[in-house]
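In: Task: produce atomic coordinates for the following.
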Amino acid sequence: MPLKVQIAVSPEKVNDDDHHLRLICDKSQINQDEITAFILQKRSIDARKKKVKYNLIFDVYYNETYIVEQYNPSYHKVDDSSHKVHIIGSGPAGLFAALTCLRKGIKPIVFERGKDVRSRRRDIALLSRDGIVNSESNYCFGEGGAGTFSDGKLYTRAKKRGDILEVLKMLVFHGAEKDILIDSHPHIGTNKLPNIIQDIRELIIDHGGEIHFQHKVTDIIINNGQVVQLEINNNKNYPVKDVILSSGHSSRDLFKLLFNKGVKMEFKPFAVGVRIEHQQKLIDKIQYGTSTRSEYLPPASYSLVYNDGTRSVYSFCMCPGGIIAPCSTEEGQIVTNGWSPSKRNNEYANSGIVVEVKWNDLHKYYKDGPLAGINFQLDIERKCSLLGGGDQVLPAQRLMDFIDGKLSNDLPSTSYQPGIMSVDLNEFLPDFIVATLKRGLLEFGKKMKGFLTNDAVLHASETRTSSPVRIPRNELLEHPDVLGLYPCGEGAGYAGGIISAALDGIRCIEAVTLKNITE
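Out: Just a heads-up that it's a prediction; the model follows:
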């Protein structure tokens, strides 16, 4: 049984095994010749004091043989005689649902409205470079879902929803760096995720599963409270029994389809705001307390939250060394998000700064119940497009000018490729968003000295933080009124990132398996 030992080291010593061993011996009072192995389990940065440290937690084996465990998940070969599960969407929830199917001898059949990851890259390049939106292939739709091109952050608070380490091991098995198993805030990097997604796809197909790209679900046929058929691309029907609805938070047409069919759903609180961009050097200086970041430290990040007693404003999807991307899914919309390459070596740092949106904010103005949040998002996205003048040029404002309520005379350079236009965001963002953003930004400036600078730029809008609807499910994870329909992942309101979505996909297949065992 290993002994847990925590040590603290300077950044320069983070990879020095001999130094680690000496500290472990001092801390544990175990002689060096008794130690058979010391395995790093967790790595985190402590920047609370002037001297930044790495905290390292090791499993220390002594007076016993250490056996290296090889992770090698077992997948069944399946065919048309196997039980089938149909999966809508190939984001993290859908892909991990498909992998779990194979582990249980179930045949997954995945319908993805977008393109495979390689073809999708070309459409994203057109969107970023020329502002041309492909409504079925973009940052939100396509193989791997929104997670493929959004940095690959793997940190989650969903500790009770499943085995997080198992998901991380599966990602390493398919090509992710082993560092994600030990870092306190792991990420993969947008440049590396496509190959991992492609590897998962090839495994699914090699084991008898099916993945159909450019197969958009245009109708869900329900008879006597049971899902019985999926209509694809308005013309082809597939008989179904168990359906995983993992379509992502931007599948507004599918939400409207279910709403119009009378399928029960609910409004879910979400958040709306802007994406802020600073120079990464400034964030490094604020967080590490030095004008020159050590080569042994990663570009600094931050996590900020403030509640004014009424609602919260917080940082969202912070991307050190990152890029702001156009994430619209239709023409006439402006939506932003951020991503980083694996090295996080871009000169800018960006983050969503978003404000909580509640039912009481909307129900007086939007009469469509559960879809109120969608229509609120759309109104902001369309206003942004009109203000920006089209072609994905977005409205922007210097940070202090926004707080002071004045138009920026000019704008600094930005990582957002389609371009930005100076607009007073006070005049078109909803009043409660503006007021809370200002209070939050001023508080963040107190926590991070230097954060409040007019060299920082606010980019509007950040509206797709999470799904604005929740599709209910019972204790068996089925929709309470539609047997065989399993609302799943972020789009259905049960996840908030890659890991929690993957865990939910796994849980839904476990629920399908349990139901079929008991039937």
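In: Show me the helices in the stretch 201-350 of the chain, by range?
Out: For the stretch 201-350 of the chain, the helices defined by DSSP state H, counting those that start in this stretch occupy 252-260, 280-288.
In: contacting residues around the first one?
Out: Residues outside helix 252-260 that contact it (C-beta atoms under 8 Å, 6 or more residues apart in numbering) are 88, 217-220, 245, 247, 265, 329, 368-371, 374, 378, 469, 471. Placement of C-beta: from N, CA and C, glycine included.
In: That one: which residues count as buried?
Out: Neighbour counts over helix 252-260 (16 or more other C-beta atoms under 10 Å) mark 252-255, 257-259 as buried.
In: Same question for stretch 396-406.
Out: Of all the residues in stretch 396-406, those buried under the rule 16+ other C-beta under 10 Å are 396-403.
In: for these, which one is nearest Lys51?
Out: Checking the buried residues of stretch 396-406 against Lys51 by C-beta to C-beta gives Leu399 as the nearest, at 30.1 Å.
In: got a list of what the closest one touches?
Out: Leu399 makes contacts with 276, 441, 452-458, as judged by C-beta under 8 Å, 6+ apart.
In: mind listing which of the residues you listed are in strands?
Out: Judged by DSSP state E, strands contain the following of the contacts of Leu399: 276, 457-458.
In: which residues of the chain score low on pLDDT?
Out: Along the chain, segments meeting pLDDT under 70 span 158-161, 518-519.
In: Let's have the ones in strands among the contacts of Leu399 in CSV, adding neighbour count and distance to Ser150.
Out: Converted to CSV, the ones in strands among the contacts of Leu399 look like this (neighbours: other C-beta atoms under 10 Å; distance: C-beta to C-beta, whole Å):
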residue, neighbour count, distance to Ser150
Ile276, 25, 17
Val457, 28, 20
Leu458, 27, 20
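In: just the buried members of the contacts of helix 252-260?
Out: Buried residues within those, counting neighbours by 16+ other C-beta under 10 Å: 88, 217-218, 220, 245, 247, 265, 329, 370-371, 374, 378, 469, 471.
In: Quick check: beta-bridge partners of the residue lying closest to Val240 once chain neighbours are set aside?
Out: In space, and not counting its chain neighbours, Val240 is closest to His86: 4.6 Å by C-beta to C-beta, 6 or more residues apart in numbering. Beta-bridge pairing for His86 (DSSP bridges): Ile109, Val243.
In: Could you tell me which residues make contact with His86?
Out: Under the criterion of C-beta under 8 Å, 6+ apart, the contact list for His86 reads 109-111, 230, 238, 240, 242-244.
In: Is it possible to get TSV of these that adds distance to Leu387 and neighbour count?
Out: Shown next, in TSV, are the contacts of His86 (distance: C-beta to C-beta, whole Å; neighbours: other C-beta atoms under 10 Å):
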residue	distance to Leu387	neighbour count
Ile109	43	19
Val110	38	27
Phe111	36	24
Leu230	39	21
Tyr238	43	17
Val240	44	20
Asp242	45	24
Val243	40	28
Ile244	39	31
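In: so which of these comes closest to Pro487?
Out: Ile244 (8.7 Å).
In: Next one: that closest one from Gly162, what distance?
Out: According to C-beta to C-beta, to the nearest Å, Ile244 and Gly162 sit 15 Å apart.
In: Same check on Leu442?
Out: Taking C-beta to C-beta, one finds Leu442 at 39 Å from Gly162.
In: Same drill for those two, tell me which one is more crowded.
Out: When Leu442 and Gly162 are compared for neighbours, Gly162 comes out ahead with 19 against 13, by other C-beta atoms under 10 Å.
In: Surely the more buried one is in contact with Ala501?
Out: No - at 11.0 Å, Gly162 and Ala501 do not qualify as touching, with contact defined as C-beta atoms under 8 Å.
In: Just the contacts of helix 252-260: which are in strands?
Out: In this view, the contacts of helix 252-260 that belong to strands under DSSP E are 88, 217-220, 245, 469.
In: Now render these as a markdown table, adding distance to Ile506.
Out: As requested, those are arranged in a markdown table below (distance: C-beta to C-beta, whole Å):
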| residue | distance to Ile506 |
| --- | --- |
| Ile88 | 17 |
| Val217 | 22 |
| Thr218 | 28 |
| Asp219 | 28 |
| Ile220 | 23 |
| Leu245 | 15 |
| Val469 | 22 |
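In: still on that earlier bit, and which of the contacts of His86 is nearest Asn224?
Out: Proximity of the contacts of His86 to Asn224 (C-beta to C-beta) peaks at Val240, which lies at 14.5 Å.
In: quick check: longest strand of this structure.
Out: Max-length strand for the chain by DSSP E is strand 35-46.
In: Tell me how this protein divides into domains.
Out: Residue ranges for the domains of the chain, per automatic domain parsing: 3-62, 84-265+471-518, 269-462.
In: I'd say Asn31 and Cys25 touch.
Out: Yes - between Asn31 and Cys25 a contact is recorded at 6.9 Å, counting by C-beta under 8 Å.
In: more neighbours, these two?
Out: Each of Asn31 and Cys25 has its neighbours counted (other C-beta under 10 Å); Cys25 has more, 19 against 10.
In: Specify the beta-bridge partners of Arg275.
Out: Here Arg275 sits in beta bridges with Gly352, His459, going by DSSP bridges.
In: Spit out the contact partners of Tyr486.
Out: Neighbouring residues of Tyr486 by C-beta under 8 Å, 6+ apart: 242-245, 473, 477-479, 508, 511-512.
In: Using JSON lines, lay out those residues together with distance to Tyr61.
Out: Putting these into JSON lines (distance: C-beta to C-beta, whole Å) gives the following:
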{"residue": "Asp242", "distance to Tyr61": "44"}
{"residue": "Val243", "distance to Tyr61": "47"}
{"residue": "Ile244", "distance to Tyr61": "41"}
{"residue": "Leu245", "distance to Tyr61": "46"}
{"residue": "Arg473", "distance to Tyr61": "44"}
{"residue": "Leu477", "distance to Tyr61": "40"}
{"residue": "Glu478", "distance to Tyr61": "45"}
{"residue": "His479", "distance to Tyr61": "48"}
{"residue": "Cys508", "distance to Tyr61": "38"}
{"residue": "Ala511", "distance to Tyr61": "38"}
{"residue": "Val512", "distance to Tyr61": "40"}
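In: residues contacting Gly208?
Out: 77-79, 82, 102, 107.
In: ok, now Ser351?
Out: 275-276, 302, 315-319, 338.
In: Can you flag which of the contacts of Gly208 belong to helices?
Out: Secondary structure from DSSP state H places Leu102 of these in helices.
In: which ones among the contacts of Gly208 are found in strands?
Out: In this view, the contacts of Gly208 that belong to strands under DSSP E are Lys107.
In: Tell me the one among the contacts of Gly208 nearest to Tyr348.
Out: Leu102 (40.4 Å).
In: For the closest one, which non-adjacent residue is spatially closest?
Out: Spatially, and ignoring its direct neighbours in sequence, Leu102 is nearest to Tyr75 (4.2 Å; C-beta to C-beta, 6+ apart).
In: All the strands of the stretch 1-150 of the chain, residue numbers only.
Out: Along the stretch 1-150 of the chain, counting by DSSP state E, counting those that start in this stretch, strands occupy 3-9, 35-46, 53-62, 84-88, 107-112.
In: Gly94 is nearest to which of those strands?
Out: strand 84-88 (4.8 Å).
In: From the chain's centroid, how far away is the closest one?
Out: Distance of strand 84-88 from the chain centroid (C-alpha atoms, centre = their mean, to the nearest Å) equals 22 Å.
In: Just want the angle from that strand to helix 252-260.
Out: For strand 84-88 against helix 252-260, the angle between stretch directions is 110 degrees (axes from the mean of the first three to the mean of the last three C-alpha atoms, to 10 degrees).
In: Compute the inter-axis angle for strand 84-88 and strand 107-112.
Out: Interaxial angle, strand 84-88 versus strand 107-112 (the same axes, to 10 degrees): 20 degrees.
In: Return the alpha-carbon coordinates of strand 84-88 using PDB.
Out: Coordinates of each C-alpha in strand 84-88 appear next as PDB, following Å, rounded to 0.1, in the frame of the first residue of the first chain:
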ATOM      1  CA  LYS A  84     -28.700  -1.100 -30.600                       C
ATOM      2  CA  VAL A  85     -28.600   2.400 -29.100                       C
ATOM      3  CA  HIS A  86     -29.100   5.400 -31.400                       C
ATOM      4  CA  ILE A  87     -27.100   8.500 -30.300                       C
ATOM      5  CA  ILE A  88     -27.900  12.000 -31.500                       C
END
